[in-house]
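What shape does this take:
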Amino acid sequence: MRKLENKCIVWLTYFDASKTYGEGRKVPRRFALSSPRMEELVKAAEILNLNPQPNPDAKFPRCWWEKSGYVVVDKVNSKHKTLLILAQKIAELRGKR
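As a prediction, this is how the structure comes out:
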């Protein structure tokens, strides 16, 4: 697979509070979300001007039997920082409802 310049792949599993680090969660539990949805991730990325490119039918390699999907976004400094910013924005959007 070719490397994406200044972009990163963000799987929904990275934000799932029900997953452990070993199962694929990449953000600390305090930033993790219960049942993250593709629409929330895309909306947060749009608000942050990260040019989201969703792929909802993809299957996370560690859970190949379930469709979770991913979004390709522009990278902010590092992938970890990008994930934290997205998690905070999704939490903020959930709070507004």
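
any chance you could map the helices in this structure?
38-47, 79-96 (DSSP state H).

For the last one, buried residues please.
Meaning helix 79-96. Buried residues in helix 79-96, counted by 16 or more other C-beta atoms under 10 Å: Lys79, Thr82, Leu83, Leu84, Ile85, Leu86, Ala87, Lys89, Ile90. Glycine gets a C-beta too; all of them are placed from N, C-alpha and C.

quick one: Glu40 from Pro61, how far?
22 Å (C-beta to C-beta, to the nearest Å).

List the contacts of Lys75.
Asn6, Lys7, Cys8, Thr82 (C-beta atoms under 8 Å, 6 or more residues apart in numbering).

Just give the nearest non-adjacent residue to it, would you?
Cys8 (4.8 Å; C-beta to C-beta, 6 or more residues apart in numbering).

Can you report how many residues neighbour that neighbour?
By the criterion of other C-beta atoms under 10 Å, Cys8 has 18 neighbours.

what bridges to it?
Val73 (DSSP bridges).

Surely it and Lys79 touch.
Yes: judged on C-beta atoms under 8 Å, Cys8 makes contact with Lys79 at a distance of 4.7 Å.

picking up where we left off before, neighbour count winner among Glu40 and Pro61?
Taking neighbours as other C-beta under 10 Å, Glu40 and Pro61 compare with Glu40 leading, 19 against 9.

pLDDT weak spots in this structure?
1-2, 65, 96-97 (pLDDT under 70).
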